[in-house]
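A.B. asks: sharing a model that was predicted from the sequence below.
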Amino acid sequence: MNEQARQKLRDLIVHHGPSLCYEPERCKGLLQDACPTSKREIFVLVSALEEQVATDLLAGLGDRSWDAVAGRLARRLVDNRALADHAAFWAVESWALALGVITRAAPSNNSLPPQPSPGPPAAPASGVITSRTAQITLKLIPAGGFWMGSPDEDHEAEAYEKPRHTIRISHGFYLGITPVTQAQYASVMGTNPSHFYRWPEHPVEMVSWFDAAAFCNELSKKEGLAPYYVIPNWNQVMVGRGEGYRLPTEAEWEYACRAGTETRYSFGDDAAMLGEYAWYPPDSKCRTWQVARKRPNAGGFTICMGMSGSGAGIGTMTITIGTRRASIRSGRRGLTTGPSGVGAGSSSPATSGPRTGTGTRRSTGTSAWASGSPEGSPFAELGRVASPPRGANAGGAA
């Protein structure tokens, strides 16, 4: 392969920055202008860009070796673009050098790793997994459908909760059964941003949506998983191709909170029972409390009600692991929810469609909002695909 194209790619990244990784056509044009005779090399490099090799590399290597990452990305090019092994490795290495992931080309036998066995590993019979890092317990929520939002006749509901509409979630996912605690957050990130910082078993708070996405990525790396997000800057988050932990969609969050119910609250219509499920003044004393102290909903989750009891500005975080390729079908006209979801707890801070009804005391019983989250969305939750990750063990309880 012609090394001129590799050098020109480095020069272009230095001049234009990593944002070029998200503009295949622009990158192709710039390479054609810089080295018009290197048609084969340009084709290979742009093919790698279109297969999001560069965005995966921007997420970093984590705890994985360069050989393992290079082999996985090269196989993607061989399988999806029918590139020869040596061309696929050359493209991956070229992007890694241009982005500073590696500092020099290493000798390689260009042998691809064996094909993985088809299908994910079987889920544990208990439907519960626990991350090795931070011991975060997540529970399986099966695929299904539900009515999302509030009915038109509900005069206490907000306008954005209407109209009530059907949602179909095509794949199951794992969801954290309690908010992430201060101790769990600190064990992953090495810091505790909480205002009520003296209680490690209380939920972490004062975390922005971007903090939550960074937490997901860092936990994924520690568990040996490819990060779900690409985070080029502190206030910029994009969805990559990784299979790691992520924030759930708004629909997934409400689906878990409703737990098969259609009543005013997940436990029924009687507001007098709120004290059994949620912290709110005066009992809360306007501070956080230890997780799992209140009754869970029918699905076994204690994420659905207020955790701070102040009802204003103190965000907590729960996590889920869910497939980003799962489709979410809506019966609401004009609403198309892609793999990233929209609104509360979604995989992008910018919503991709109209907000749907969740995050209110009426719909899901939420009384604390995530600080800095998109459009005042509720708890940023962490999720995972409906098969146990390599970095999780079966069992565990909150």
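C.D. replies: Received the coordinates, thanks.

A.B. asks: going forward, measure contacts and count neighbours with C-alpha atoms only.
C.D. replies: OK.

A.B. asks: skip ahead from the host helix or strand of residue 43 and say which helix or strand is next.
C.D. replies: Using DSSP states H and E, the element containing residue 43 is helix 39-50. Following helix 39-50 in sequence order, the next helix or strand is helix 53-58 (DSSP H and E).

A.B. asks: tell me what that following helix is packed against?
C.D. replies: Counting contacts by 3 or more C-alpha pairs under 8 Å, 6 or more residues apart in numbering; DSSP states H and E, helix 53-58 packs against helix 85-98, strand 229-233.

A.B. asks: please, where are all the strands along the stretch 151-300 of the chain?
C.D. replies: Here the stretch 151-300 of the chain has its strands, by DSSP state E, counting those that start in this stretch, at 165-169, 173-176, 229-233, 236-239.

A.B. asks: which of those is buried the deepest?
C.D. replies: With neighbours defined as mean count of other C-alpha atoms under 10 Å, the strands of the stretch 151-300 of the chain peak in mean count at strand 173-176, which reaches a mean of 28.

A.B. asks: that one pairs with which strands, and in what direction?
C.D. replies: strand 137-141 (antiparallel), strand 383-385 (antiparallel) (DSSP bridges).

A.B. asks: run the chain-centre distance for that strand.
C.D. replies: 11 Å (C-alpha atoms, centre = their mean, to the nearest Å).

A.B. asks: swap in stretch 215-228?
C.D. replies: With C-alpha atoms, centre = their mean, you get 10 Å for stretch 215-228.

A.B. asks: just to revisit the earlier point, buried stuff in the helix holding residue 43?
C.D. replies: The neighbour-count criterion (16 or more other C-alpha atoms under 10 Å) identifies 41, 42, 44, 45, 46, 47, 48, 49, 50 as the buried residues of helix 39-50.

A.B. asks: what's the distance between the first one and residue 291?
C.D. replies: Applying C-alpha to C-alpha, to the nearest Å, one obtains 55 Å for the distance of residue 41 from residue 291.

A.B. asks: kindly report the same for the last one.
C.D. replies: If you measure residue 50 against residue 291 using C-alpha to C-alpha, the figure is 43 Å.

A.B. asks: name the element residue 145 belongs to?
C.D. replies: Residue 145 belongs to strand 144-148, assigned by DSSP H and E.

A.B. asks: buried stuff in that strand?
C.D. replies: 145, 146, 147, 148.

A.B. asks: list the strands paired with that strand, with their directions.
C.D. replies: Sheet partners assigned to strand 144-148 using DSSP bridges are listed as strand 165-169 (antiparallel).

A.B. asks: C-alpha coordinates for the partner strand, PDB please?
C.D. replies: Taking Å, rounded to 0.1, in the frame of the first residue of the first chain, the C-alpha atoms of strand 165-169 are listed here in PDB:
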ATOM      1  CA  HIS A 165     -49.700   6.200  22.600                       C
ATOM      2  CA  THR A 166     -48.500   2.700  22.100                       C
ATOM      3  CA  ILE A 167     -44.800   1.700  22.200                       C
ATOM      4  CA  ARG A 168     -43.200  -1.600  21.200                       C
ATOM      5  CA  ILE A 169     -39.700  -2.400  22.500                       C
END
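
A.B. asks: that older thread, now the buried residues of helix 39-50 as CSV including distance to residue 244 and pLDDT?
C.D. replies: Shown next, in CSV, are those (distance: C-alpha to C-alpha, whole Å; pLDDT from 0 to 100):
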residue, distance to residue 244, pLDDT
41, 31, 89
42, 31, 90
44, 27, 89
45, 26, 92
46, 25, 91
47, 24, 89
48, 21, 90
49, 21, 88
50, 21, 87
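
A.B. asks: output the buried residues of strand 144-148 in CSV; the columns should cover pLDDT and distance to residue 127.
C.D. replies: Shown next, in CSV, are those (pLDDT from 0 to 100; distance: C-alpha to C-alpha, whole Å):
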residue, pLDDT, distance to residue 127
145, 91, 19
146, 92, 21
147, 91, 24
148, 91, 25
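
A.B. asks: could I get those residues as TSV with distance to residue 233?
C.D. replies: Listed next are the buried residues of strand 144-148 as TSV, based on distance: C-alpha to C-alpha, whole Å:
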residue	distance to residue 233
145	36
146	37
147	37
148	34
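
A.B. asks: correct me, but residue 46 touches residue 30?
C.D. replies: No - counting by C-alpha atoms under 8 Å, residue 46 sits too far from residue 30 to count as a contact (11.0 Å).

A.B. asks: can you give me the helices in this structure?
C.D. replies: With helices called from DSSP state H, the chain shows them at 3-16, 24-34, 39-50, 53-58, 66-81, 85-98, 182-189, 209-222, 250-258, 274-277.

A.B. asks: picking that back up, so which residues make contact with the helix holding residue 43?
C.D. replies: For helix 39-50, the surrounding residues in contact (C-alpha atoms under 8 Å, 6 or more residues apart in numbering) are 1-2, 5, 21-22, 24, 27-28, 31-32, 54-55, 77, 81, 83, 87-88, 91-92, 94-95.

A.B. asks: in PyMOL, select just the buried ones from those residues.
C.D. replies: A single PyMOL command selects the buried members of those (16+ other C-alpha under 10 Å):
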select buried, resi 5+21+24+27+28+31+32+54+55+77+83+87+88+91+92+94+95
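
A.B. asks: is the most centrally placed residue in the chain in a bridge, and if so with what?
C.D. replies: The centroid of the chain falls nearest to residue 246 when counting by C-alpha atoms, centre = their mean (1.7 Å). On the basis of DSSP bridges, residue 246 is bridged to residue 320, residue 383.

A.B. asks: what's the distance between it and residue 45?
C.D. replies: Here residue 246 is placed at a distance of 29 Å from residue 45 (C-alpha to C-alpha).

A.B. asks: thanks a lot, see you next time.
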